[in-house]
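Q: quick one: sequence and predicted model below, then my questions.
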Amino acid sequence: MNLTSNGVPIPFTPELFGRLRPSADLLAPRDPDALRERLHADGYLYLPGLLDRAEVLRLRGEYFSLFPPGLLAAGSRPEDGVFSGRVPAEVPEYGVAGHPAYTFVRSAPFDDFVGNPVLAELAAQLLGFKAEMLPRRILRHFHRGTLRASRAHVDLDYMDEGSPRVVTLWIPVGDCPPQTGALVYLEGSHRLAPEEYAPLRDVTDRPGDRRQICHDLALTARTLGRRWLCADFAAGDVMVHLPRTVHASLDTTTDAMRLSVDARFIRSDDSPDPRWLKPWSADDGA
């Protein structure tokens with residue numbers, strides 16, 4: 001399997017990759033104490049099949065139906081999200097006003113999806129208190145050829161003006177194996193002190209943004225002596241991670257486009273980062 005992230009190759013070898021540990025066994029029956037314990041032990045929870053697959057694929061279809069003709073491969077269905085190889089000229093820059101992603105995160109179907117009580121209940125159990133979803137919910141959409149992905153980072157560096165008691169729920173909106181641009185998690189990285197990976201911030205393709213750790217995932221893994229953990233995510237799966245867990249994403253190289261949702265929850269008695277109190281836009285700088 002040939003993988004890259006931001007165009008930089010990362011060999012799919014046992015030195016650099018392992019598999020995420022699934023925690024679906026803790027869901028039926030639900031065991032909040034065991035879920036919290038595993039989240040803090042691993043830095044993440046991989047929850048296959050938490051959501052209804054049909055509902056996830058319905059959301060995928062509703063989003064891709066917003067695009068003008070030409071984005072989707074001829075004869076394919078919107079819920080398949082198969083890239084034609086061409087973005088129509090009239091589509092604005094990704095995620096800004098006028099782009100379907102900007103519109104969609106402000107729509108009733110999106111609100112209904114992220115408002116699923118299953119998600120809020122899970123967040124409350126993990127936080128040990130009533131949970132509130134932050135209004136800045138992100139929709140990420142990647143297609144092959146862009147060579148653009150999330151660089152290695154921790155969420156807390158992007159939301160450090162509020163409570164650090166945050167849980168992130170990453171939801172693939174469609175099947176998402178590594179080649180489709182899935183998230184990967186650096187093993188045991190939630191236990192790392194920031195100064196341990198600080199030198200990697202000097203190896204960057206974005207010198208103006210010190211929040212990212214590094215765009216070179218192979219270098220990151222080898223420098224820190226840890227593997228990237230991955231999975232063949234399916235529609236209905238949910239990932240949860242802590243704000244200090246190092247994670248990144250791979251480039252999308254499949255015809256199927258990557259679509260995913262980031263939803264973040266805090267305790268209702270905590271103060272949120274004010275930058276996360278309004279709907280997401282790709283140019284909001286947060």
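A: Yes, it's here. These numbers were taken from a predicted model, which means no experiment stands behind them.

Q: just to check, Asp283 is in contact with Gly98?
A: No - using C-beta atoms under 8 Å, Asp283 is not in contact with Gly98, being 11.5 Å away. Where C-beta positions appear, they are placed from N, C-alpha and C, glycine not excepted.

Q: shared neighbours of these two, which are they?
A: Counting by C-beta atoms under 8 Å, 6 or more residues apart in numbering, no residue touches both Asp283 and Gly98.

Q: list the contacts for the nearest residue to Ala218 once chain neighbours are set aside?
A: Spatially, and ignoring its direct neighbours in sequence, Ala218 is nearest to Ile10 (4.4 Å; C-beta to C-beta, 6 or more residues apart in numbering). For Ile10, the contacting residues are Leu3, Thr4, Leu16, Leu217, Ala218, Ala221, Trp228, Leu250, by C-beta under 8 Å, 6+ apart.

Q: and if you look at Glu90?
A: Pro68.

Q: on that earlier part again, just the contacts of Ile10: which are in helices?
A: Using DSSP state H, the members of the contacts of Ile10 that fall within helices are Leu217, Ala218, Ala221.

Q: just give me the neighbour total for the second one.
A: When you say that, I think you mean Ala218. Each residue near Ala218 was counted by other C-beta atoms under 10 Å, and the total is 19.

Q: tell me the confidence at it?
A: As predicted, Ala218 sits at a pLDDT of 98.

Q: distance of it relative to Gly18?
A: Ala218 is 14 Å from Gly18, where distance means C-beta to C-beta, to the nearest Å.

Q: how many other residues sit next to Gly181?
A: Using other C-beta under 10 Å: Gly181 sits among 30 other residues.

Q: could you pull up the contacting residues of it?
A: Residues in contact with Gly181, defined by C-beta under 8 Å, 6+ apart, are Phe142, Ala149, Ser249, Leu250, Asp251, Thr252, Thr253, Arg258.

Q: how far away is it from Phe142?
A: Using C-beta to C-beta, Gly181 is found at 5 Å from Phe142.

Q: which residues are common contacts for these two?
A: Common contacts of Gly181 and Phe142 (C-beta under 8 Å, 6+ apart): Ala149, Ser249, Asp251, Thr252, Arg258.

Q: by neighbours, which of these wins?
A: Among the shared contacts of Gly181 and Phe142, the one with the most neighbours (other C-beta under 10 Å) is Arg258, at 30 neighbours.

Q: right, and the helix or strand after the helix or strand containing Leu169?
A: According to DSSP states H and E, Leu169 maps onto strand 166-172. Next helix or strand after strand 166-172 toward the C-terminus (DSSP H and E): strand 183-186.

Q: tell me what the next helix or strand after that next one is packed against?
A: Per DSSP H and E, the first helix or strand lying C-terminal to strand 183-186 is helix 194-197. Applying 3 or more C-beta pairs under 8 Å, 6 or more residues apart in numbering; DSSP states H and E, we find helix 194-197 packed against helix 217-224.

Q: for the helix it packs on, packing partners?
A: Going by 3+ C-beta pairs under 8 Å, 6+ apart, helix 217-224 lies up against strand 8-9, strand 183-186, helix 194-197.

Q: what's the last one in contact with?
A: By C-beta under 8 Å, 6+ apart, the list of residues contacting helix 194-197 from outside reads Val154, Ile213, Cys214, Thr220, Thr223, Leu224, Val246.

Q: which residue ranges of the stretch 51-200 of the chain form strands?
A: Using DSSP state E, counting those that start in this stretch, the strands of the stretch 51-200 of the chain run over 131-133, 138-142, 166-172, 183-186.

Q: same list, those strands, but as TSV with mean neighbour count please.
A: TSV is the format used below for those (neighbours: other C-beta atoms under 10 Å):
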stretch	mean neighbour count
strand 131-133	19
strand 138-142	22
strand 166-172	24
strand 183-186	26
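
Q: any idea which of the ones you listed gets closest to Ala24?
A: strand 166-172 (15.1 Å; C-beta to C-beta).

Q: name every strand pairing with that closest one and say which way it goes.
A: With DSSP bridges as the test, strand 166-172 is paired with strand 238-241 (antiparallel), strand 258-267 (antiparallel).

Q: excluding chain neighbours, what is closest to Asp42?
A: Using C-beta to C-beta, 6+ apart, the nearest residue to Asp42 is Arg21, at 6.3 Å.

Q: so who does that neighbour touch?
A: Each residue near Arg21 by C-beta under 8 Å, 6+ apart is listed here: Arg38, Asp42, Tyr46.
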